[in-house]
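Asks: this one's sequence-less:
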């Protein structure tokens, strides 16, 4: 029950599910904002964190890659985003 409790806005801090990527917001900015909310809420439930992140990220190649090869942790999501940036900066 505690794991479920920490994902919802019981104390006015918001939920990890409230964080959505804005149109035009970079993936780096979204990851930073989302990560700050994870810390604020205090959740450590990795599957729930990854699920909430995937629900909030804008549709595109990165979200498709997350659905094809599902990350198990938020650290893995961030690592894959860094790899994407590195590939993009080489072009």
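Replies: Cool, got the structure. Because the structure is predicted, anything quoted here is derived from the model rather than measured.

Asks: lowest mean pLDDT among the helices and strands of this protein, which one is it?
Replies: The weakest-scoring helix or strand in the chain, judged by mean pLDDT, DSSP states H and E, is helix 2-5 (a mean of 49).

Asks: elements contacting the very next helix or strand once past that helix?
Replies: For helix 2-5, the following helix or strand on the C-terminal side (DSSP states H and E) is helix 27-41. Packing partners of helix 27-41 (3 or more CB pairs under 8 Å, 6 or more residues apart in numbering; DSSP states H and E): helix 46-56, helix 74-89. Heads up, the C-betas are built off the backbone N, CA and C, glycines and all.

Asks: next, name the residue at the spatial heart of the protein.
Replies: residue 53 (2.9 Å; CA atoms, centre = their mean).

Asks: still on that earlier bit, in JSON lines: the helices and strands packed on helix 27-41, plus mean pLDDT.
Replies: Putting the helices and strands packed on helix 27-41 into JSON lines (pLDDT from 0 to 100) gives the following:
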{"stretch": "helix 46-56", "mean pLDDT": "94"}
{"stretch": "helix 74-89", "mean pLDDT": "84"}
